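Colleague: just coords:
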């Protein structure tokens, strides 16, 4: 028998293995002892219409795969001189290196930040004292921005093909097996660093080279105009200031959405750049117990459900306002990359046991907005981000203290004189976050107010005085796209350059960035006459 079967169970039954087996047997019309092999494909929670159920999808007649079967094929021993330099060790760069190693292609991975453990120490200093290391922070370092900012693996794509491949690779390197079945998979900022390090160690074991604390300052080219190609990457050692040139036939540019110096470099090199829509707003934080009651009612706190989340979308004057990167049981963290700009983000640990829930609450910003402000170049969106970030830093008073406004005060159009307790460790400063939003010149605060009123009608209690807005959330995605040819993913304007991931404007999270990195690796392997087959179509 091979079939798919769906169950909707009460939370307590979903947590009881015997109850699940009885429900499966009843649906199949067999005795529990005669139940055929079954594999859980998907688990999700449905809390619509005040009726909380756990939805389970099973593949009947398919046994659970062994852990050793995940993530095949594996990287193999790389041979020859490294002809590929991967710039950035975030998910796009790391998975690009993984994909190249599957084909036995040597590469060098360069990152301006540090490995997991020394990076962790810099983050402790950042949280405790507010001081920012421009090269080692929540955005830069091993694993990129996702390593210490949650590890959510949400994607609009089905968990097939390359998406399934990414999830299996993560599970193979220590991520919880639940990510293969949960509708909203999540690793957690306490576990993801180990997963990232395990992937790097596996790649080092087959000969891939990693260089940390080395900032790319230039990409060298050769050839006449119109036929220029990359030939080397110039790096600066962060600690010593010494420079070095790494020969490269191909360069994978996977530097993330906060490496603004790379945008400037790409523009100088004549790489095709275009402005890209993004979103900007705040972090909103509530007590997690409040969100649980709003979403789950009498089932709030049930261990089978975990902390509740939400997803909110509204159109205001033709502009989208929406929740982003929701972190149940999470923390707000300082995501600044320099002392002059204040940025916040969200994260949660694997158990999601913080007493707070937070989410980005952002307003769409379009290329038409850039033009309205006279910012017609490809870096116009970067300037809009900077305006809000500089204003937030001034309102917070420095040291990564963040301006904050109670939701009730924000809706009344005023600043706050006090704010509730918060997860944000550098500390909140009672203020008016509307001033930071409106420093962009786009009237974002009023649009956010209008959407908040709608959200409060959908989630009763969302506008309570215990809710607080913390500013600003500006690095939702890259406001710049490095243009590449759709057929082979090579950059327009410079041969041998492969922009990839969030920073290049082609991804919106860990999974999509990792998939993009694998796709770029596949293009390079084909250029080198090597290939590797990964079939996840039936997974």
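Modeller: Thanks, I have the structure now. Given the structure is predicted, the values throughout are model-derived calculations rather than measurements.

Colleague: which residues of the chain score low on pLDDT?
Modeller: The chain contains residues with pLDDT under 70 at 1, 49-50, 66-71, 149-150, 155-161, 531-539.

Colleague: domain parsing of it, as residue ranges.
Modeller: 3-64, 79-274+480-527, 277-473 (automatic domain parsing).

Colleague: want to try CSV for the ones you listed, with distance to residue 72 and mean neighbour count as columns?
Modeller: In short, each C-beta sits where N, CA and C put it, glycine included. Shown next, in CSV, are the domains of the chain (distance: least, C-beta to C-beta, whole Å; neighbours: other C-beta atoms under 10 Å):
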stretch, distance to residue 72, mean neighbour count
domain 3-64, 16, 15
domain 79-274+480-527, 8, 21
domain 277-473, 26, 21
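
Colleague: got the residue ranges for the helices in the stretch 51-200 of the chain?
Modeller: Assigned by DSSP state H, counting those that start in this stretch, the helices in the stretch 51-200 of the chain fall at 91-102, 116-129, 161-172, 192-205.

Colleague: please apply the same query to the chain.
Modeller: 11-14, 17-28, 91-102, 116-129, 161-172, 192-205, 260-268, 288-296, 367-372, 380-396, 407-411, 434-438, 444-458, 510-527 (DSSP state H).

Colleague: now those in JSON lines, with distance to residue 305?
Modeller: Shown next, in JSON lines, are these (distance: least, C-beta to C-beta, whole Å):
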{"stretch": "helix 11-14", "distance to residue 305": "5"}
{"stretch": "helix 17-28", "distance to residue 305": "16"}
{"stretch": "helix 91-102", "distance to residue 305": "29"}
{"stretch": "helix 116-129", "distance to residue 305": "30"}
{"stretch": "helix 161-172", "distance to residue 305": "22"}
{"stretch": "helix 192-205", "distance to residue 305": "23"}
{"stretch": "helix 260-268", "distance to residue 305": "41"}
{"stretch": "helix 288-296", "distance to residue 305": "6"}
{"stretch": "helix 367-372", "distance to residue 305": "40"}
{"stretch": "helix 380-396", "distance to residue 305": "35"}
{"stretch": "helix 407-411", "distance to residue 305": "25"}
{"stretch": "helix 434-438", "distance to residue 305": "34"}
{"stretch": "helix 444-458", "distance to residue 305": "19"}
{"stretch": "helix 510-527", "distance to residue 305": "24"}
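
Colleague: of all the ones you listed, which lies closest to residue 310?
Modeller: helix 288-296 (6.5 Å; C-beta to C-beta).

Colleague: okay, angle between the closest one and helix 444-458 too, please.
Modeller: 60 degrees (axes from the mean of the first three to the mean of the last three C-alpha atoms, to 10 degrees).

Colleague: what does helix 288-296 rub up against?
Modeller: 47, 52, 300-302, 305, 307-310, 328-329, 354-357, 459-462, 464, 466 (C-beta atoms under 8 Å, 6 or more residues apart in numbering).

Colleague: so who does the residue nearest to residue 465 when sequence neighbours are not counted touch?
Modeller: Closest residue in space to residue 465, ignoring its immediate chain neighbours: residue 408 at 4.7 Å, by C-beta to C-beta, 6 or more residues apart in numbering. By C-beta under 8 Å, 6+ apart, residue 408 lies in contact with 463-465, 467.

Colleague: which stretch among the helices of the chain comes nearest residue 239?
Modeller: helix 116-129 (11.4 Å).

Colleague: what is the closest one packed up against?
Modeller: Here helix 116-129 touches helix 192-205, strand 330-334, going by 3 or more C-beta pairs under 8 Å, 6 or more residues apart in numbering; DSSP states H and E.

Colleague: sorry, back to before: which of the helices of the chain sits closest to residue 488?
Modeller: Among the helices of the chain, helix 510-527 sits nearest to residue 488 (C-beta to C-beta), with 5.3 Å.

Colleague: what angle separates that closest one from helix 192-205?
Modeller: 10 degrees.

Colleague: and residue 241, how close does it get to residue 147?
Modeller: 26 Å (C-beta to C-beta, to the nearest Å).

Colleague: circling back: any chance of CSV for the helices of the stretch 51-200 of the chain, columns distance to residue 294?
Modeller: As requested, these are exported to CSV (distance: least, C-beta to C-beta, whole Å):
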stretch, distance to residue 294
helix 91-102, 32
helix 116-129, 29
helix 161-172, 30
helix 192-205, 28
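
Colleague: follow-up on the earlier one: between the helices of the chain, which gets nearest to residue 344?
Modeller: helix 380-396 (8.3 Å).

Colleague: what's next to that closest one, contact-wise?
Modeller: 260, 263, 275-276, 278, 280, 336, 339-343, 365, 367, 369-371, 373, 375, 402-403, 429, 431-433, 435-437, 439-442, 471-472, 474-475, 479-480.

Colleague: which ones among those map onto strands?
Modeller: Counting by DSSP state E, these place 275, 278, 280, 365, 402-403, 429, 471-472, 480 in strands.

Colleague: got these as a markdown table, with distance to residue 154 columns?
Modeller: Below are these laid out as a markdown table (distance: C-beta to C-beta, whole Å):
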| residue | distance to residue 154 |
| --- | --- |
| 275 | 26 |
| 278 | 18 |
| 280 | 20 |
| 365 | 22 |
| 402 | 25 |
| 403 | 28 |
| 429 | 31 |
| 471 | 24 |
| 472 | 22 |
| 480 | 23 |
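
Colleague: let me see the contact set for residue 424.
Modeller: Residue 424 touches 285, 331-334, 344, 402, 404, 470, counting by C-beta under 8 Å, 6+ apart.

Colleague: how close does residue 430 get to residue 286?
Modeller: 17 Å.

Colleague: no, scratch that, I was asking about residue 148
Modeller: 23 Å.

Colleague: sorry, back to before: which of the ones in strands among the contacts of helix 380-396 lies closest to residue 87?
Modeller: residue 480 (15.7 Å).

Colleague: that closest one bridge partners, please.
Modeller: Under DSSP bridges, the beta-bridge partners of residue 480 are residue 275.

Colleague: ok, now which ones touch the closest residue to residue 12 other than its chain neighbours?
Modeller: Leaving aside its sequence neighbours, residue 12 sits nearest to residue 304 (C-beta to C-beta, 6+ apart; 6.6 Å). Contacts for residue 304 (C-beta under 8 Å, 6+ apart) come out as 11-12, 14-15, 54.

Colleague: dump those residues to JSON lines, plus distance to residue 100.
Modeller: Shown next, in JSON lines, are these (distance: C-beta to C-beta, whole Å):
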{"residue": "11", "distance to residue 100": "44"}
{"residue": "12", "distance to residue 100": "48"}
{"residue": "14", "distance to residue 100": "41"}
{"residue": "15", "distance to residue 100": "42"}
{"residue": "54", "distance to residue 100": "40"}
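
Colleague: gap between the nearest residue to residue 389 once chain neighbours are set aside and residue 41?
Modeller: Sequence neighbours aside, residue 341 is the residue nearest to residue 389 in space, at 3.6 Å (criterion: C-beta to C-beta, 6+ apart). Look at residue 341 and residue 41: by C-beta to C-beta, they are 43 Å apart.

Colleague: could you do residue 110 as well?
Modeller: 39 Å.

Colleague: swap in residue 360?
Modeller: Using C-beta to C-beta, residue 360 is found at 30 Å from residue 41.

Colleague: and residue 119, by the same measure?
Modeller: 36 Å.

Colleague: hmm, back to that, which of the domains of the chain sits closest to residue 73?
Modeller: Nearest to residue 73, of the domains of the chain and by C-beta to C-beta, is domain 79-274+480-527 at 5.6 Å.
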